[in-house]
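Participant: Sequence first, predicted model second:
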Amino acid sequence: MDDDDLPRRRDDVLAALTRQPLDPLSIDELDDRIATLEGEIARVKAHRAAATSHKAIADALFKKG
């Protein structure tokens with residue numbers, strides 16, 4: 001079983017992030033948070049693209065035909 005198939009842990013950092021109250025944050029803090037999250041989204045998308053490319057290369061290499 002792949003790690004991707006496992007359920008998330010209850011103490012998952014992402015889950016904790018989504019539960020944080022936003023009311024105490026200033027506009028500048030919200031802007032900083034958005035910029036940080038957008039940077040993380042870009043990083044994850046780049047990693048996903050690389051993983052997809054590696055999988056496609058491996059599939060083509062080991063394709064039976």
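Facilitator: Sure thing, it's come through. Numbering: from 1, shown residues only.
Participant: Under the pLDDT cut-off, which ranges of the protein? List them.
Facilitator: Under the criterion pLDDT under 70, the flagged ranges of the chain are 1-11, 64-65.
Participant: 80 - rerun?
Facilitator: 1-11, 56, 58-61, 63-65 (pLDDT under 80).
Participant: What separation do you get for the residue most central in space within it and Ala50?
Facilitator: Residue closest to the mean C-alpha point of the chain, counted by Cα atoms, centre = their mean, is Val44 at 4.6 Å. As judged by Cβ to Cβ, to the nearest Å, Val44 and Ala50 stand 11 Å apart. Quick note: C-beta positions are derived from backbone N, CA and C, even for glycine.
Participant: Run a quick neighbour tally on Thr36.
Facilitator: 10 (other Cβ atoms under 10 Å).
Participant: biggest helix in this structure by residues?
Facilitator: The longest helix of the chain (DSSP state H) is helix 27-61.
Participant: chain center to it: distance?
Facilitator: Taking Cα atoms, centre = their mean, to the nearest Å, one finds helix 27-61 lying 6 Å from the centre of the chain it belongs to.
Participant: ok, the residue nearest to the centre of the chain to Asp28 distance?
Facilitator: According to Cβ to Cβ, Val44 stands 25 Å off from Asp28.
Participant: again, but for Lys63
Facilitator: For Lys63 relative to Asp28 (Cβ to Cβ), the value is 52 Å.
Participant: cool, Asp12 as well?
Facilitator: Asp12 sits 27 Å away from Asp28, taking Cβ to Cβ as the criterion.
Participant: Gly39 too?
Facilitator: Going from Gly39 to Asp28 by Cβ to Cβ gives 17 Å.
Participant: Ok, Lys45 next?
Facilitator: In terms of Cβ to Cβ, Lys45 sits 26 Å off from Asp28.
Participant: Next one: Ile41 relative to Ile34, how far apart?
Facilitator: Distance, Ile41 to Ile34, by Cβ to Cβ: 10 Å.
Participant: That's all I had, so thanks and see you.
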